[in-house]
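*Asks:* Coordinates only, no sequence provided:
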């Protein structure tokens, strides 16, 4: 059942990542990629990403939308407030909850089979953040790979 909730969360993120959400001036939830690799960011409002290894491949069109909206190019950033379905609004409206955000290299998602991905689960980083954490970080999370 937990796997289905995770898949549902990822699909909801992909749908919300479509950019259809209204953007309020000054509203932001930035994730900065300081790596040489394109990364994919997924989130879950209920469970740690690492606690439920799940394949991140979808049907062609869904996968293209997921990659387009949830990928961050090397040495760039993305505002997930607009593209992530109001992640910042969720954190503001649930100040005592923890938001889990996982980072994967896109190359791993693209090249591994679902079985291999679930077995190795190549998550590169996970943030567990609350409203206090995000305010302290000025609503910006920075991913720098451990090398």
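*Replies:* That came through fine. Please read these numbers as outputs of a predicted model, since none were measured by experiment.

*Asks:* Tell me who's in contact with residue 37.
*Replies:* Contacts of residue 37 were listed using Cβ atoms under 8 Å, 6 or more residues apart in numbering, and they are 74, 105-107, 145. For glycine as for every other residue, the C-beta is placed from the backbone atoms N, C-alpha and C.

*Asks:* Just the buried subset of these, please.
*Replies:* A residue is treated as buried here by neighbour count (16 or more other Cβ atoms under 10 Å); on that basis the buried members of the contacts of residue 37 are 105-106.

*Asks:* Looking at the contacts of residue 37, which one is closest to residue 121?
*Replies:* Sorting the contacts of residue 37 by distance to residue 121 puts residue 105 at the head of the list, at 12.3 Å, by Cβ to Cβ.

*Asks:* Show me what that closest one bridges to in the sheet.
*Replies:* Note on residue 105: beta-bridge partners residue 39, judged by DSSP bridges.

*Asks:* Let me see the contact set for it.
*Replies:* By Cβ under 8 Å, 6+ apart, residue 105 lies in contact with 35, 37-40, 122, 124.
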